[in-house]
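Chemist: Here's a sequence, model it:
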Amino acid sequence: MAKRQIPVIVLAGFLGSGKTTLLNHLLGRSGGTRIGAIVNDFGSIEIDAMSVAGQVDSMVSLGNGCLCCAVDTSELDGFLDRLSRPAARIDVIVIEASGLAEPQEVIRMILASDNKDIVYGGLVEVVDAAEFAATRARHPELDRHVAIADLVVLNKADRVGDEARREILGVLEELGPGTPVVPASYGRIDPELLFDRKPREDDPSKTRQLSFEDLCADDEPDGHDHHSCDGHGHDCHDGCGRNGHLHAAYESVEFVSEEPVDPRRLMEFLDSRPEGLYRIKGFVYFGIAGHKHKFAVHAVGDFLRFYRSSWARAEERLTQLVLIGRGVDTAALRAGLDRCRVTAGEPPAEENSMWGVLRYAQG
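Modeler: Model (predicted):
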């Protein structure tokens, strides 16, 4: 009997549409199915990769660049080879492309792969219902992406009214006649829309997700690892502009602070963010008594939300943010974020200064 090929599913969508949330949902609801994830961030701080790693230890990260530019076919083959080797026992591979990647290029790379153990499994395009009109105006190529998709997930469908949702569904039907469209909230779709779930077995070693150590373990008889497992691609800002890629006009600003962040000053910064600043993601450390959680921040257009979680036992308390925009003053953004730091000798922020943040905090 011929060996079953492993399907490779491309998860695409513009910045902030909810791809990472959907991927985490799939990983958490996979049953006994082992998923190998290739996560590609835009920006040198791999926020999306960190989010997926926090959910399930099962990924390759291609940080600091767009997949269609940062990795050529042979490089992607290397990652697919690792995930598809028999020892990994992977059932399905999901590539979460950068929010600025060109899906057709990613598909082309999979189809051009020399790996006989994998097969292209389809394109899932994640569309933000709340930002649909704005995204379409900003990125007319969305129409083309929807047209070639095998499944469209209309995410954040709970954030628009019934009439607006019907209008969006009508437009999507025109763009991709016959293509199934699944309305969703928080990326919650049935995983069996994408792959067949296996029932969990009693032995957890048979069903746990592929770990990073599994991925780096080499099959060579000498026991040495002959591959680099850092997963970093090349800087996206060189080749992309020459090739005319979509994200050539985007700027990415990274901000890291070991000092706590003042919540009032951060909210002033967020409330006055320029129009061209389209996406903010990352984690914030306020260090205020009673509010020492890790606060994940998620902003798309006018939408802003904080999510509280606990720090891991050995995790360093710091703020890490990635800001992605077009036509923005990056120096001014960095200066604005620097002003949010609580510097040495400055009195710590008071607990009541958290009010503005808590207005946007889930739960």
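
Chemist: And the strands in the stretch 151-300 of the chain, which stretches?
Modeler: 151-155, 181-183, 250-257, 277-285, 294-300 (DSSP state E, counting those that start in this stretch).

Chemist: Paired strands for the shortest one, with orientation please.
Modeler: The partner list of strand 181-183 in its sheet, established with DSSP bridges, is strand 151-155 (parallel).

Chemist: mind checking how far the strand it pairs with is from the chain centre?
Modeler: Remark: strand 151-155 is offset 15 Å from the chain centroid, using CA atoms, centre = their mean, to the nearest Å.

Chemist: Mind exporting the C-alpha coordinates of it to CSV?
Modeler: Backbone C-alpha positions of strand 151-155 (Å, rounded to 0.1, in the frame of the first residue of the first chain) are rendered in CSV as follows:
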residue,chain,number,x,y,z
LEU,A,151,-12.2,27.9,2.1
VAL,A,152,-12.9,31.4,3.4
VAL,A,153,-13.2,32.0,7.1
LEU,A,154,-15.2,35.2,7.8
ASN,A,155,-13.6,35.8,11.2
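
Chemist: and for it, what are the contacting residues?
Modeler: With contact meaning CB atoms under 8 Å, 6 or more residues apart in numbering, strand 151-155 is reached by 13, 17-18, 21-22, 122-129, 146, 165, 168-169, 172, 176, 179-187, 189, 193-194. Glycine gets a C-beta too; all of them are placed from N, C-alpha and C.

Chemist: Generate CSV for the strands of the stretch 151-300 of the chain, with distance to Arg334 as supplementary columns.
Modeler: As requested, the strands of the stretch 151-300 of the chain are exported to CSV (distance: least, CB to CB, whole Å):
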stretch, distance to Arg334
strand 151-155, 31
strand 181-183, 38
strand 250-257, 6
strand 277-285, 12
strand 294-300, 17
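
Chemist: picking up where we left off before, could I have the buried ones of the contacts of strand 151-155 as ChimeraX selection syntax?
Modeler: Command for ChimeraX, covering only those of the contacts of strand 151-155 found buried under the criterion 16 or more other CB atoms under 10 Å:
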select :13,17,18,21,22,123,124,125,126,127,128,129,146,165,168,169,172,176,179,181,183,184,187,189,194
